[in-house]
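# turn this into a structure:
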Amino acid sequence: MELPVDPLADQWLDLANAEVPPAPRIVVPRIVVPVPVDPAGIAGPTRGRSRGPHWRQSSPNRFVPAHVDGTVPAQRIAEVLQQAPSGVVTGWASLHLAGARWFEGRLADGRQRGVPVALGRGVARRSIPGGVVTRAILADDEVVLRHGIRCTGVHRAIFDEVVLLDDVRRGVEAIEMAFHAELTSRARLGAWLSTSPRRVGNRLVRQALELALEGAESPQETKMHLVWRLDAGLPTPMLNQNIFDLQGRFLARVDLLDPVAGVVGEYDGESHRATRSRRNDVRREGDLRRAGLEFFSVVAGELARPEHVVQRMRWAREKALSSALASKRHRAWALTPRNGVRPMTLDERIERRRHPR
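Got it, this is the predicted structure:
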């Protein structure tokens, strides 16, 4: 059966539609397909050349030119799959090839994760060097071609990734980073789950989707809003929300917003430590406070042990609520710009790209 080519793998598809900005995806580098030994030295190296300095063995009887970096995620995926030609790439590897950032196949300590490969229950092979074998039964419509590699579709890849991570919070990160790449939306993934057959891991994936929000732009932002909700026990916030003054002029785009209490939360990563960036952050914080918003920030590394962050979040919200009650002041900020036009939702952006006017 001829597999459909996934349009998500076409990095230039979005650029053809001027109505909607391009989705925030990475450009997957060119993949060098490993080749077997060729006695004629045309389609691959001869046996003698394969042992020389100009070729690198990527798997049994498969070689690539020595300059090809096998640690690049896309290349690593291709080299692992060569060991199981009937397999289908899934999980983080499939999402990486679809152009989603943050799916590099590495653990927090920098070690590589195995490339998830679905072999099916009828295949006797139990392991692949550099890979993680899953015994998934895939429907025909769950397999597509991305950059010439057999991959699971977006929703099945997300499902398998959450199951492989085996942790609700990390599962939320995976789902939200797929949203960030605009590969799917909360409603679309939920609809797919509601019609898919019962599988091991359904409960975990549903729990993660229930917590997942659209709008996060990095795993650290996801971690921050999960601490806000799960550890601090505070209401569901808005993420990466534009804030305007009462005349509709833009004030800031904030990582986390509690629109009821009027609290802004910001994650300060490494990029915020430079003098100019920090100066801009301080000026921005002052603008938000003058508009009547309370402010807290989270510094890189704090989310691993969030006790102090939880306290900071609760104090900020209590202060915002008590200040508003004491002064009975009207808030000097709004969520709509001067022209009153609201931004498109994630579902609307995806739909507009698929069906441009």
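# you'd agree residue 291 is up against residue 245?
Yes - assessed by Cβ atoms under 8 Å, residue 291 is found in contact with residue 245 at 6.1 Å. For the C-beta atoms, the positions are set from N, CA and C on the backbone; glycine is no exception.
# show me which of the two is the more surrounded one.
residue 291 (19 against 15; other Cβ atoms under 10 Å).
# ok, the more buried one to residue 336 distance?
14 Å (Cβ to Cβ, to the nearest Å).
# can you check residue 316 too?
24 Å.
# more neighbours: these two, which one.
Per other Cβ under 10 Å, whichever of residue 316 and residue 336 has more neighbours is residue 316, with 23 against 12.
# does the more buried one touch residue 297 like I think?
No - with contacts counted by Cβ under 8 Å, residue 316 stays clear of residue 297, the gap being 9.7 Å.
# just list what the strand or helix carrying residue 348 packs against, helices and strands only.
Element membership for residue 348 (DSSP states H and E) is helix 346-354. When contacts are defined as 3 or more Cβ pairs under 8 Å, 6 or more residues apart in numbering; DSSP states H and E, helix 346-354 sits against helix 186-195.
# after the helix it packs on comes which helix or strand?
With DSSP H and E, the next secondary element past helix 186-195 is helix 202-211.
# and the helix or strand following that next one with helix 202-211, angle?
Later in the chain than helix 202-211, the nearest helix or strand by DSSP H and E is helix 219-226. Relative orientation of helix 219-226 versus helix 202-211 (axes from the mean of the first three to the mean of the last three Cα atoms, to 10 degrees): 90 degrees.
# now what about the very next helix or strand once past helix 219-226, what contacts it?
Next in sequence after helix 219-226, counting helices and strands by DSSP H and E, comes strand 238-245. With contact meaning Cβ atoms under 8 Å, 6 or more residues apart in numbering, strand 238-245 is reached by 213-217, 221, 225, 250-259, 264, 288, 291, 293, 332-338, 343.
# name every strand pairing with strand 238-245 and say which way it goes.
strand 250-258 (antiparallel), strand 333-334 (antiparallel) (DSSP bridges).
# mind listing what's buried along it?
By 16 or more other Cβ atoms under 10 Å, the buried positions in strand 238-245 come out as 238, 239, 240, 241, 242, 243, 244.
# please save the CA atoms from that strand in PDB.
Once non-C-alpha atoms are left out, strand 238-245 reads as follows in PDB (Å, rounded to 0.1, in the frame of the first residue of the first chain):
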ATOM      1  CA  MET A 238      -4.000  32.000  30.400                       C
ATOM      2  CA  LEU A 239      -0.700  31.400  28.700                       C
ATOM      3  CA  ASN A 240       1.300  33.800  26.500                       C
ATOM      4  CA  GLN A 241      -1.400  36.300  26.600                       C
ATOM      5  CA  ASN A 242      -1.100  39.800  25.100                       C
ATOM      6  CA  ILE A 243      -2.100  42.600  27.500                       C
ATOM      7  CA  PHE A 244      -3.100  46.100  26.500                       C
ATOM      8  CA  ASP A 245      -3.900  49.400  28.400                       C
END
